[in-house]
Every structure is written in structure tokens, then in C-alpha cells.
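Participant: generate coordinates for the sequence data below:
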Amino acid sequence: MSNNRFCDGVHRRDFLKVGVLGGLGLGLADYLRLAHAGEVRSPKAKAAIYIRLGGGPTHMDTFDMKPGAPDEFRGALKPIATNVPGIEICERLPKLAECADKFTILRGVSHTLAAHELGTQYLSTGNRPLPSLEFPGFGAVVSKEMPSSPDMPPFIAIPNTPQTGGYLGLQYGPFSTNSQPKVGQPFNVRGIDLNSSITAERARRREKLLHRVDAAFQGFEDKVDVLTGLDQFSRQAYEMISSSAARTAFDMSAESPGIVQRFGDGELGQSCLLACRLIEAGTRFVTVSTGSWDMHQDIFQRLDKQLPTLDKSLAALFTTLSERGLLETTSVIVTGEFGRTPKINVRGGRDHWPRAMFVLMSGGGMKTGQVIGASDEKGQGPANEAITPDDVAASFYHSLGIDFRKEYHTSSGRPVMIVRNGKIIPGLFG
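Facilitator: Presented below is the predicted three-dimensional model:
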């Protein structure tokens, strides 16, 4: 990320530290209504990719354009047709326009949290933040409900993520790579050279030492969550180095030059390619984080540089997953923490605007090549019933076959549903 802070003064580094009826909790009437609407469908996803656009991308200049709005709202960019009749997106997204049949655009997604950290927590967990409770991120819940093979961490973040294990504990937190792949360079994970046999041998010696330490502290780990979490991270680090599957997944040189070129030579594109490889290798949940979407000034000059990279990266992600037969079995979410003000400010930018934003979703039995929801004629808020981050989360979990109304218990015994408020988005599964 190019900036060290968000506009509200929060350091990004500090922030990153910081049966159908029973399964869905539905009554018979609810079930019949959903069945009639085509919403009841067996989930297909076995894994998920979450693309986080940190800073809050503008909806008005990307996937929810308003060419008929007054000049001070519609901006300098124009819409273009996609390969789905009737759907238009920004002219700076031509590659995504060519594969719009592979994803769904949610418009009029709305909430009321205009601060970066709070908005990110909401969109990363599906629960409105509470000061008294830290909710687990999507990746943590997927890790708990859908464990991966022993030689691949279930939840990998490229390069890092604000998602945490929350009240589930450190053991369900992300394995962060702490770096992003670069074309033509060996990829190191958390400073570890995966191609080094010497490193692997050292890891085996350290693993033996860890077993001896575990024996010395036997009986304490069940009482101390931090020890349990650290032990989990140690095992994951060892498994990453010693596993041939992991080493192969992270070996970006194994990709053909054509595929590498499709994703582009930027960090976002190569991170998306790595996400595809990790899912293919058996990881359940991968996050890719990219920033610099906090555009309070000179927004159109910045979008001219940033949108082509986003366009190439996301189009390559959807296309490659589809070609490899992974799109139907991989749920994909692309989102920021909020949208941006429909009216352009005096500095030529747009400010924070949670009342209307976009989300892209795909895979896992979702019906793609459509737009669900709408904002009003100036993009200021939902035109009809709002889609909430809770609804997005409920639909995401449903695509993976996870009961989003299931109750967990905090360390103090407090019962908490995975998603406290939320429903499956009508029309998303057809």
C-alpha cells in the first residue's frame, strides 16, 4: 500500500494487528417462500477467496455509474456495455466487462459506519462491531467449519488481513505471508525461502524442539489461548516448509508465461494468481488485500492509474478459476469497507459514504451475470430495500454450506450466532 495512514489517522500497520430448515433456522413458511423464489439450492463451494479493497472504493465510478445524474455527481468516467445485455460498468474496466457473466454485482449495499476500521470489521465479519465482543472474520469461521488438509493452512492472507480469529481464538486466525509475489522473483513466505532444503532441515530440528517444549508445558495449553494459538502457527510454519503441496502451490515459476501475463506484473494480479494456486492446493480461505482506495482528492487521475490494474487482476481471477473448473466450487467476494460520496468535493475527490456501495460475488452455486439491488438516481442510498453486510455474509456462508445461524460460545460462555442479523439475498442463488 502506498500510504501509511488512512485519512482518519489510523495506521494501517496498527490496524492490521488490531437439513435445510434446521440448517438455515427457517420456519416452513420461510422455506416455501425461498423454494418458490429459487433460493433453496445445495451449496457447491468448498473454498473461498476474499479480495479486500482497503480505503473504500467509489461505487459511482466503477460498478454503479449514474450517467444521467448532474455533473457534480456523475464524474468524468463513462459507462460501457458488458457481455451481459443491459449491464454497464466503468469504461476503465473493459476486461471485467468481457467476463461480466462470471460474477454478480450487488448495488445499493448499505450501512452506517463511515470509519475505516469499523466499516472493515463489518464487511469482514458480517456483524456490526461491538465494543464488548470481537467477531471472527470469514476466514476464521471457514477454518473452524471446513478444516483443510494437514499440509496446507486453512486460512492464508496475502500479504496480511484485518480479519482475526475473534472470540474463536488465535488458532483460527490467518497465516499471513507478509509479502506479495513478484514476477520473476522467488516467493518468500514470512521471510522463509520455500525452495531451500537447508531451511526445511532447520525447520525439522525446530519442530523436534517444539515437541520437547510441548511436553514440558503439557496440561497448560488447554488453559492458555495464546499458547494454543502460537502452537498452531508453529505447526503451520513447519507444514508450509516441509509440505511438497505447499511448496508447489507457492512456486509461481510453475505457471505458464501466458497465465502470468494474464494477471499482469503488479502485486495485486500476482496475489490473485497465488490465491488461485492455494485454493487449487487445498487451502479453504484466501484473502488478498490491496489499498489506496481512500480518494478524497484527484480521484479521476488516481482511478486512471488504479482501475486498469484492478480490471486485469479481477478478470484474470474469474477467468482462470473458471478455466480450471474451480469457480463453481470457490466463493468469491470483492469489497471495500464502504462507498464514496456521490457528490464530488471541492478537491476533486469523494469522501466516505457507507449508505451505498458495491460488492461483487461469484461461485458456490451463485447465479452470475446479473445485478442485484440498486441505488437511487444519484447513488446516495438504496433505491429499494437495502442489502446489508449481514446479508452478504449470510449468503456467503450459505454458498459454503455453513449454517450462518449456528451458535458459537465465547470463552465466557456467551452464545453468539455466526451472523446475528442477515438473510440470504433474494435472486443470488437460482
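Participant: from here on, contacts and neighbour counts on C-alpha atoms
Facilitator: Will do.
Participant: and the top helix by length along the chain, how far from the chain's centre?
Facilitator: For the chain, the helix with the greatest residue count under DSSP state H is helix 299-323. Mean-position distance between helix 299-323 and its chain equals 15 Å (C-alpha atoms, centre = their mean, to the nearest Å).
Participant: try stretch 148-161
Facilitator: 13 Å.
Participant: buried residues in that stretch, which are they?
Facilitator: Ser148, Asp151, Met152, Pro153, Pro154, Phe155, Ile156, Ala157, Ile158, Pro159, Asn160, Thr161 (16 or more other C-alpha atoms under 10 Å).
Participant: show the subsequent helix or strand relative to the longest helix of the chain.
Facilitator: strand 330-335 (DSSP states H and E).
Participant: which residues does the next helix or strand along the chain from that following strand contact?
Facilitator: Counting by DSSP H and E, the element after strand 330-335 in chain order, helix or strand, is strand 339-340. Residues outside strand 339-340 that contact it (C-alpha atoms under 8 Å, 6 or more residues apart in numbering) are 56-60, 350-358.
Participant: as TSV, those residues with secondary structure, neighbour count and pLDDT would be great.
Facilitator: Converted to TSV, those look like this (DSSP: H, G, I helix; E, B strand; the rest coil; neighbours: other C-alpha atoms under 10 Å; pLDDT from 0 to 100):
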residue	secondary structure	neighbour count	pLDDT
Gly56	coil	28	98
Pro57	coil	26	98
Thr58	coil	29	98
His59	coil	26	98
Met60	coil	29	97
Arg350	coil	25	98
Asp351	coil	20	98
His352	strand	23	98
Trp353	strand	25	98
Pro354	coil	23	98
Arg355	coil	23	98
Ala356	coil	31	98
Met357	strand	33	98
Phe358	strand	28	98
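Participant: how about a markdown table for those, with distance to Cys99 added?
Facilitator: Output for those, formatted as a markdown table (distance: C-alpha to C-alpha, whole Å):
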| residue | distance to Cys99 |
| --- | --- |
| Gly56 | 24 |
| Pro57 | 20 |
| Thr58 | 21 |
| His59 | 19 |
| Met60 | 20 |
| Arg350 | 28 |
| Asp351 | 30 |
| His352 | 29 |
| Trp353 | 28 |
| Pro354 | 27 |
| Arg355 | 28 |
| Ala356 | 24 |
| Met357 | 21 |
| Phe358 | 17 |
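Participant: which single one of the residues you listed is nearest to Glu323?
Facilitator: Nearest to Glu323, judged by C-alpha to C-alpha, of these is Phe358 at 25.7 Å.
Participant: quick check: that closest one touching Leu123?
Facilitator: No: under the criterion of C-alpha atoms under 8 Å, Phe358 makes no contact with Leu123, lying 11.5 Å away.
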